[in-house]
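S.K.: Fold the following and give me the result.
(one chain, ligands or ions: 2)
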Amino acid sequence: MEKKIVIKPISYVNGTINLPGSKSISNRVLLLAAQSDGITCINNLLDSDDVRYMLIALQKLNVNYFLSPDRNFCKIYGLGKPLYYNSSLTLFLGNAGTAMRPLTAALSLNSKDIILTGISRMKERPINHLVDALRQGGAKIQYLEKNGYPPIKLFGGYEGGIININSKISSQFLSSLLMMAPLASKDTYISIRDDIVVSKPYISLTLKIMKVFGIEIYHDHYKTFHIKGKSVYKSPGEYTVEGDASSASYFLAAGAIKGGTVRVTGIDRSSIQGDIGFSKVLQKMGAKIYWGNNYIECKKNNLYAIDMDMNHIPDSAMTVAILALFVDKKKTTILRNIYNWRVKETDRLSAMTNELRKVGAYVLEKENSLEITPPDKFNPAIINTYDDHRIAMCFSLIALSNVSITILNPKCTYKTFPNFFKQLKKISIFSQDL
Ligand SMILES: O=C(O)C1=C[C@@H](OP(=O)(O)O)[C@@H](O)[C@H](O)C1
Ligand SMILES: C=C(OP(=O)(O)O)C(=O)O
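M.R.: Numbers count the residues shown, from 1 in each chain. Ligands and ions are numbered 1, 2, ... in the order given. Predicted coordinates:
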């Protein structure tokens, strides 16, 4: 792919997108299937960078699997026990939080001498709250460069016990501990510091997937968790990964701005992903949403500004920031409680502010929120993507105004959605085609 992509003004969108599999589900299911008793056939697995890092890591850890040529089907021969590797090994995990964090926990059980590392941004994404929690359970972990950040070296040692975890910065720490703890030699009792869990629906996602693999966890409204040790995950035999709800947001938003009707297939009301909540936000903004069996549709309508806590949909809330440019009467949209955007693929609060201003929007960036007012006139800007797939994908929607938009380093979408631009083109009618 080129170093940039120019998207010409899109006058109308209509059609159906078959969503790629969910990143969050794909990487959880791969990890649990690898440690399960039995063979798991995974359908609709996402093929993207984040999932490839998990697959390569599992292969290096001697997990056997068959991957179909299109990489959307994977047959995993479960170990029936925790991942185990007893000599030196380095796993490179790119910038995949859903590989780095869960593998840190999984390999803290009884593997030894394992280094987990990634790209330079991964080395700026904190992991200290997970490491602190694992150490309370007996794990020995060493920071190799900067305290609190990858790369880290694991020496096993986790047994279980009483653990207090800080879950304010990333829910992935708690998810990782939850997925590993059943395999430990003793029970684990987790309490959540200050009772705050950021991005909470991802914990519910973790618990639901664990249940499919035979392990149920008791919790007190996400304040305390009791996990029985010495358990074994059991393969469900087959698992079909839902379409990615965050990836759906770009197309549903396109429908809301310039539909036609845009249908996304592979998810519906019964989805286990929290980002399905984006459709409810769209509805609240005025778009017409239709919930079908295995699909969601969105149609254009007048859009209105909203003022909302977005902590439950951290990823698709970036798409809401773009929708905010298309609301009626130039009213201001406020996205609240999004402080942990600062430790994701880039500092997303600052990156969104910079790029939204380039297209002409009025933006007030606070520590924990963004206030966005539509531009008087859209500018045909060149968007810096900061190696952040979601910046590239959500800013593509600026082409639904009356200007073209240039997206730098479009390949960054490979993190979760390699053929995003092709899919967007598929539902688009460009102004020049009329
Ligand atoms: O558990 C997961 O699969 C994820 C949790 C969220 O991260 P945080 O919990 O760090 O907000 C989300 O942003 C990320 O894309 C995937
Ligand atoms: C935050 C994200 O990724 P990660 O799983 O690496 O945290 C994301 O996909 O928006």
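
S.K.: in the stretch 101-250 of the chain, what spans have low per-residue confidence?
M.R.: Applying pLDDT under 70 to the stretch 101-250 of the chain picks out no residues at all.

S.K.: all strands in it, in order from the N-terminus.
M.R.: 114-117, 141-143, 152-154, 161-167, 188-197, 218-219, 224-227, 238-240 (DSSP state E, counting those that start in this stretch).

S.K.: Output those as CSV; include the columns distance to ligand 2 and mean neighbour count.
M.R.: Backbone N, C-alpha and C define where each C-beta goes, glycine included. Below are these laid out as CSV (distance: least, CB to the nearest ligand atom, whole Å; neighbours: other CB atoms under 10 Å):
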stretch, distance to ligand 2, mean neighbour count
strand 114-117, 14, 21
strand 141-143, 19, 16
strand 152-154, 16, 23
strand 161-167, 14, 18
strand 188-197, 15, 17
strand 218-219, 23, 12
strand 224-227, 21, 19
strand 238-240, 19, 16
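
S.K.: Quick one: the helices in the protein, in order.
M.R.: Assigned by DSSP state H, the helices in the chain fall at 23-35, 49-60, 97-106, 128-136, 171-180, 201-212, 245-258, 277-285, 317-323, 348-358, 389-396, 420-426.

S.K.: Generate TSV for these, with distance to residue 305 and mean neighbour count as supplementary columns.
M.R.: TSV is the format used below for those (distance: least, CB to CB, whole Å; neighbours: other CB atoms under 10 Å):
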stretch	distance to residue 305	mean neighbour count
helix 23-35	29	27
helix 49-60	33	21
helix 97-106	31	27
helix 128-136	35	21
helix 171-180	28	27
helix 201-212	24	20
helix 245-258	14	28
helix 277-285	8	20
helix 317-323	10	26
helix 348-358	14	21
helix 389-396	17	27
helix 420-426	25	17
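
S.K.: To ligand 2, which of those helices lies closest?
M.R.: Closest to ligand 2 of the helices of the chain is helix 97-106 (CB to the nearest ligand atom; 2.7 Å).

S.K.: Flag every residue of the stretch 51-200 of the chain that's near ligand 2.
M.R.: 95-98 (CB under 6 Å from any ligand atom).

S.K.: picking that back up, now render the helices of the chain as CSV, adding distance to residue 403.
M.R.: As requested, the helices of the chain are arranged in CSV below (distance: least, CB to CB, whole Å):
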stretch, distance to residue 403
helix 23-35, 31
helix 49-60, 30
helix 97-106, 33
helix 128-136, 42
helix 171-180, 37
helix 201-212, 35
helix 245-258, 13
helix 277-285, 22
helix 317-323, 14
helix 348-358, 11
helix 389-396, 12
helix 420-426, 16
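
S.K.: Out of the ones you listed, the one nearest residue 337 is which?
M.R.: Nearest of the helices of the chain to residue 337, taken as CB to CB: helix 317-323 at 9.4 Å.

S.K.: okay, now residue 77: neighbour count?
M.R.: 16 (other CB atoms under 10 Å).

S.K.: rewinding a little: and which of the residues of the stretch 51-200 of the chain next to ligand 2 is nearest ligand 1?
M.R.: Of all those, ligand 1 sits closest to residue 98, with 4.7 Å by CB to the nearest ligand atom.
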